[in-house]
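Output the structure for:
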Amino acid sequence: MAEGIFDTFDPEGVGDLIQGLAARTNSQIIDVLDAADESARDQAIDVLTTRFRLHGLATDRVLGLPDGSITTLTRTQVETMVAALPRNYR
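Just a heads-up that it's a prediction; the model follows:
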């Protein structure tokens, strides 16, 4: 804000929004882990990757940045992240 990079009247509120978006992906991650088979897992990873892209775009817009300024995880990165998660998460 002080450097004039972001355009928002409520920096703390924007931080809360961004944190909330990140926290909301938990259910999509669980959908990946709970997938019944490889096809369902692939579909759930696609949904999760799309959701990350949406969150990046929303962050761009809430900060007043040009679309595409925020880099989000690629499908390959999501697959790597999911592979590293413990299977006994519950």
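
Find the residue at the geometric middle of the chain.
Nearest residue to the geometric centre of the chain (CA atoms, centre = their mean): residue 52, 3.1 Å.

Wait, it touches residue 71, no?
No: if you go by CB atoms under 8 Å, residue 52 and residue 71 don't touch, sitting 10.0 Å apart. C-beta coordinates here come from the backbone N, C-alpha and C atoms, glycine included.

got the contact list for the residue nearest to the centre of the chain?
25, 72-73, 78 (CB atoms under 8 Å, 6 or more residues apart in numbering).

Where does it fall, secondary structure wise?
helix 38-63 (DSSP states H and E).

what is the orientation angle of the helix or strand following that helix with helix 38-63?
Proceeding N to C from helix 38-63, the next assigned helix or strand is helix 75-84, under DSSP H and E. Interaxial angle, helix 75-84 versus helix 38-63 (axes from the mean of the first three to the mean of the last three CA atoms, to 10 degrees): 120 degrees.

C-alpha coordinates for helix 75-84, CSV please?
The C-alpha coordinates for helix 75-84 follow below in CSV (Å, rounded to 0.1, in the frame of the first residue of the first chain):
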residue,chain,number,x,y,z
ARG,A,75,-1.7,-29.0,-12.2
THR,A,76,1.8,-30.7,-11.9
GLN,A,77,2.5,-28.8,-8.7
VAL,A,78,-0.9,-29.7,-7.3
GLU,A,79,-0.2,-33.4,-8.1
THR,A,80,3.2,-33.1,-6.3
MET,A,81,1.5,-31.4,-3.3
VAL,A,82,-1.2,-34.1,-3.1
ALA,A,83,1.3,-36.9,-3.4
ALA,A,84,3.2,-35.5,-0.3
